[in-house]
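>>> Pasting the sequence and the predicted model now:
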Amino acid sequence: MAGKLIHIFKEFLDLLFPQKCLGCGISGATLCEKCLASFPPFFAENKPPNLSETDEIFVATSYKDEIVKKAIWLFKYRGVKSLAEPLSSLIVKKLGDKITRLINDTRQTVLIIPIPLARKKFKKRGYNQAEILGKCLSDKLSIKMETNVLYKIKETISQVEIKDRNKRLKNIQGVFAVKNSEIIRNKVIILVDDITTTGATLNEAGRVLKQAGGKKIIGLTVAKG
Ligand SMILES: [Zn+2]
């Protein structure tokens, strides 16, 4: 009943504020199929140096694209959670084959773990964009998501504000902790985040997950800055 009411309410809202594609302005979706298909692929320049803890990083598109930039900003800072749907579709479209191959090649269980927010930031923002994205990917790819393993125990200065790569690596050191490590023992973990720049966050999260028994760590993001 509650679900139905929410649905009716949502339809009512859509009537008042029809969704428009933020790429081309067409009605009906926050990001239409055509615009999604036009996003440039991201060509990985392999693993960045010094990122020993993450085995591979999969990236769907480039943050240099203006629509991608706008979409991620709205998704992350302006509460447009519905963008998780097209952004996860984009990941599946661009990287689905790679992920399927990974699942088929491994003899271990594959899990999705979203990069967590520190508690204070989560309260302020009200949601973790990486978790919403992770949930969509979990549903689309039928991979279980675990949110009670990786925790962010220290607040950090936003990595975006730090330009120097070594300082970024230092800023993120020791901010993650693992609980319930038995869940990840010998598992392949897909670490999900909205964006990666130097890979420092994915690497540090990968480090603690490996230390806790994770077998292989794959970073997966919508875009690379
Ligand atoms: Zn469009």
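Structure's in. What do you need?
>>> So the most centrally placed residue in the chain versus Cys32, what's the distance?
By CA atoms, centre = their mean, the mean C-alpha position of the chain lies nearest to Asp193, the distance being 2.5 Å. The gap separating Asp193 from Cys32 is 25 Å, by CB to CB, to the nearest Å. C-beta: built from backbone N, CA, C; applies to glycine.
>>> mind saving the C-alpha coords of stretch 154-170 as PDB?
Listed in PDB are the C-alpha atoms of stretch 154-170, where the atom choice follows Å, rounded to 0.1, in the frame of the first residue of the first chain:
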ATOM      1  CA  LYS A 154      38.000   9.500   9.800                       C
ATOM      2  CA  GLU A 155      36.800  12.600   8.100                       C
ATOM      3  CA  THR A 156      39.200  13.800   5.400                       C
ATOM      4  CA  ILE A 157      39.600  17.000   3.500                       C
ATOM      5  CA  SER A 158      37.900  16.400   0.200                       C
ATOM      6  CA  GLN A 159      40.400  14.700  -2.200                       C
ATOM      7  CA  VAL A 160      39.100  17.100  -4.900                       C
ATOM      8  CA  GLU A 161      40.600  20.000  -3.100                       C
ATOM      9  CA  ILE A 162      44.100  18.500  -3.000                       C
ATOM     10  CA  LYS A 163      45.900  18.800  -6.300                       C
ATOM     11  CA  ASP A 164      49.200  17.100  -5.300                       C
ATOM     12  CA  ARG A 165      49.100  13.400  -5.900                       C
ATOM     13  CA  ASN A 166      51.400  12.400  -3.000                       C
ATOM     14  CA  LYS A 167      49.400  14.600  -0.600                       C
ATOM     15  CA  ARG A 168      46.200  12.900  -1.700                       C
ATOM     16  CA  LEU A 169      47.800   9.500  -1.000                       C
ATOM     17  CA  LYS A 170      48.800  10.800   2.500                       C
END
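>>> Near the ion, which residues of this structure are found?
21, 23-24, 32, 35 (CB under 5 Å from the ion).
>>> Am I right that Leu102 falls within a helix?
Yes: checked against DSSP: H, G, I helix; E, B strand; the rest coil, Leu102 lies within a helix.
>>> Identify the residues contacting it.
Listed by CB atoms under 8 Å, 6 or more residues apart in numbering, the contact partners of Leu102 are 110, 188, 218.
>>> Pick the one among those residues closest to Val68.
Of all the contacts of Leu102, the one sitting nearest Val68 is Ile218; the distance, using CB to CB, is 21.0 Å.
>>> In terms of helices and strands, where is that closest one?
In the assignment (DSSP states H and E), Ile218 maps to strand 216-224.
>>> Where does pLDDT dip in the chain?
Along the chain, segments meeting pLDDT under 70 span 1-4, 6-18, 43-51, 159.
>>> For it, just list every one of the helices.
Listed in chain order, the helices of the chain (DSSP state H) span 2-16, 33-38, 66-77, 84-105, 119-125, 129-141, 165-172, 200-211.
>>> does the residue nearest to the centre of the chain really touch Ile113, like I thought?
No: at 10.2 Å, Asp193 does not count as touching Ile113 under the criterion of CB atoms under 8 Å.
>>> Which of the residues of the chain next to the ion sits closest to Lys69?
Proximity of the residues of the chain next to the ion to Lys69 was ranked by CB to CB; the top entry is Gly23 with 11.5 Å.
>>> on that earlier part again, now list the buried members of the residues of the chain next to the ion.
Buried members of those, scored by 16 or more other CB atoms under 10 Å, are 21, 23, 32, 35.
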